[in-house]
Every structure is written in C-alpha cells, then in structure tokens.
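K.L.:
I'd like to go over a predicted model; first the sequence, then the structure.
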Amino acid sequence: MYIILVMNIFQKVSLKDYSTMRLGGIAQFLVKINNKADLVEAVKWAKSEKLNMLMIGRGSNIIWRDEGYDGLILVNNIQGFETFSEDQENLYVTVGAGEDWDFVVKRTVDLGYSGIECLSLIPGSAGSTPIQNVGAYGSEIADSLINLEAYDTKTNQFVIIKKADCDFTYRSSKFKDKDKNRYFITAITLQLTQKRAEPPFYSSVQKYFDDNNLDKITPKTIREAVIDRKSTR
C-alpha cells in the first residue's frame with residue numbers, strides 16, 4: 001500500500017526486498033528517488049514529519065534488523081553517465097549515484113579508459129562507493145574520484161565536495177564517520193586515463209596474466225583478470 005502526499009511514499013515496506021541478504025523487518029516509510037527534485041521533496045516531507053532518514057542504493061551487504069527501520073528509507077535510483085574530455089589522454093565521467101557500479105566500470109573499460117577496472121564486480125551503486133572508499137586489487141575509488149555532488153540535509157542545499165574534503169582513509173570516509181547520514185550523494189565525477197597501467201600488478205592479477213600468457217595489458221584484460229580471480233575464489 002502507499003500514501004500520496006507530495007509524492008508516492010510507500011508505507012510498511014518489507015526491507016527484505018531491499019537487501020541482497022534478503023533479511024530484515026519493515027520500514028515505516030520508503031520512497032524511490034529518481035532525480036534531484038524527488039530528493040528535495042522527500043527530505044522536506046521527512047523533516048516535516050520529524051522522521052529519521054536513510055538513503056540506500058541496491059542494498060548490497062545491508063543486514064537490516066528484524067525490527068526494521070522507524071523512519072523514511074530513500075532508495076537512490078538517480079541515473080546518468082556523462083563524459084567530457086580534458087585532453088586526448090584524460091576523460092572525466094560524471095555518474096548518477098543510482099547507477100549499478102559494475103555497469104559503470106564496464107562502460108569505462110569499453111571506452112578504453114583506465115582507472116576503475118580493478119574495482120570490477122564490486123556490488124552496489126555508484127553513490128555508495130565513496131562512502132566506504134571501496135577498493136580491491138591495489139586500487140580504491142579515492143584514486144579516481146575528483147568530486148561528488150550531494151544534498152546537505154543540514155543546510156538543505158546541493159553541494160560539490162572535492163576529494164580532499166572527503167576525508168578518505170582505508171575503507172572509510174567522512175560520509176561513514178563524522179558526517180554519517182548528513183549528505184545524500186547524487187552523483188560522482190571520476191578522472192580516467194588512456195595511459196596503460198604498468199606493473200607491478202596485484203599478485204593474483206599478475207598470476208592471471210602469466211597463466212594466460214598475456215603481455216599486452218589493457219583495462220579490458222585487467223577487468224577480465226579481476227572477474228576471473230573473484231569467480232574462482
């Protein structure tokens with residue numbers, strides 16, 4: 001069932017449908033955010049009702065409590081994939097926070113650019129990657145992130161936060177720590193390059209190259225190596 005206020009806000013929703021673990025109780029309210037206007041509207045409504053708020057992506061690795069969530073869950077479905085060149089070698093990519101992360105990696109690899117191919121097969125949405133500074137095989141999102149766009153629920157405005165102000169550490173950031181739940185990320189901007197990655201590579205990735213007699217290393221072969229290593233664990 002749902003109630004109609006200023007937008008469709010669903011009531012009494014099972015959180016099992018919003019977790020890859022398929023566990024959890026009931027959310028008091030839930031809304032799907034498809035654009036920035038939806039987000040502004042939803043936050044405004046939640047504040048008027050004095051509700052707690054939590055934004056999620058695809059529910060990867062979320063283990064909801066049996067008692068559910070007493071507040072408003074915002075499901076980030078904001079899409080978008082825009083590219084613009086800095087020069088013949090470097091490319092900026094701005095990605096909607098609701099995009100599937102591995103699909104983003106695949107698109108950049110298909111374009112022939114390097115920077116995030118080692119982060120292949122990491123589950124979740126693009127907007128969640130800066131929160132815990134996701135990383136794998138010697139690479140992390142902080143290596144490529146230039147800035148991100150977010151809605152500041154404290155000041156009620158959209159802001160651009162530069163990488164230097166994200167307080168990245170190993171598998172963490174200010175969005176996971178001191179500013180948890182303050183900023184709702186709507187887009188991230190990455191800087192990629194056509195320069196080919198150079199050895200030394202992560203040991204298991206190098207083993208894939210050696211086992212397959214690969215000496216021409218491209219973003220595509222690195223992605224294939226990462227996918228192979230993860231699928232054979």
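P.N.:
That came in fine, so what should we check first?

K.L.:
show me the helices in this protein, by range?
P.N.:
Secondary structure of the chain by DSSP state H: the helices cover 36-48, 101-110, 203-211, 219-231.

K.L.:
could you dump those into JSON lines and include mean neighbour count and mean pLDDT?
P.N.:
For the C-beta atoms, the positions are set from N, CA and C on the backbone; glycine is no exception. Output for these, formatted as JSON lines (neighbours: other Cβ atoms under 10 Å; pLDDT from 0 to 100):
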{"stretch": "helix 36-48", "mean neighbour count": "17", "mean pLDDT": "96"}
{"stretch": "helix 101-110", "mean neighbour count": "19", "mean pLDDT": "97"}
{"stretch": "helix 203-211", "mean neighbour count": "15", "mean pLDDT": "94"}
{"stretch": "helix 219-231", "mean neighbour count": "19", "mean pLDDT": "95"}
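
K.L.:
show me where the protein has strands.
P.N.:
Taking DSSP state E to define them, one finds strands in the chain at 2-4, 8-14, 26-33, 52-56, 69-76, 81-85, 90-96, 135-136, 139-140, 145-152, 157-162, 183-193.

K.L.:
how about the residue sitting nearest the centre point of the chain, what does it touch?
P.N.:
The residue lying closest to the centre of the chain (Cα atoms, centre = their mean) is residue 126, at 2.4 Å. Residues near residue 126 by Cβ atoms under 8 Å, 6 or more residues apart in numbering: 57, 95, 96, 97, 98, 99, 100, 101, 104, 188.

K.L.:
in PyMOL, how would I select just the buried ones from the residues you listed?
P.N.:
This is how PyMOL selects the buried members of these, with burial counted by 16 or more other Cβ atoms under 10 Å:
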select buried, resi 57+95+96+97+98+99+101+104+188
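
K.L.:
widest-spaced pair of the contacts of residue 126?
P.N.:
100 and 188 (13.4 Å; Cβ to Cβ).

K.L.:
tell me the one among the contacts of residue 126 nearest to residue 219.
P.N.:
residue 104 (12.9 Å).

K.L.:
for the protein, give me the ranges with low pLDDT.
P.N.:
1-6, 233 (pLDDT under 70).

K.L.:
apply 80 and report the result again.
P.N.:
1-7, 61, 86, 232-233 (pLDDT under 80).

K.L.:
out of the strands of the chain, nearest to residue 229?
P.N.:
Counting by Cβ to Cβ, and looking across all of these, nearest comes strand 135-136 at 9.4 Å.

K.L.:
list the helices and strands the closest one packs on?
P.N.:
Strand 135-136 sits against no helix or strand, with contacts defined as 3 or more Cβ pairs under 8 Å, 6 or more residues apart in numbering; DSSP states H and E.

K.L.:
sorry, back to before: can I get the strands of the chain in JSON lines including distance to residue 120?
P.N.:
Below are those laid out as JSON lines (distance: least, Cβ to Cβ, whole Å):
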{"stretch": "strand 2-4", "distance to residue 120": "37"}
{"stretch": "strand 8-14", "distance to residue 120": "31"}
{"stretch": "strand 26-33", "distance to residue 120": "26"}
{"stretch": "strand 52-56", "distance to residue 120": "22"}
{"stretch": "strand 69-76", "distance to residue 120": "21"}
{"stretch": "strand 81-85", "distance to residue 120": "17"}
{"stretch": "strand 90-96", "distance to residue 120": "15"}
{"stretch": "strand 135-136", "distance to residue 120": "8"}
{"stretch": "strand 139-140", "distance to residue 120": "10"}
{"stretch": "strand 145-152", "distance to residue 120": "17"}
{"stretch": "strand 157-162", "distance to residue 120": "25"}
{"stretch": "strand 183-193", "distance to residue 120": "14"}
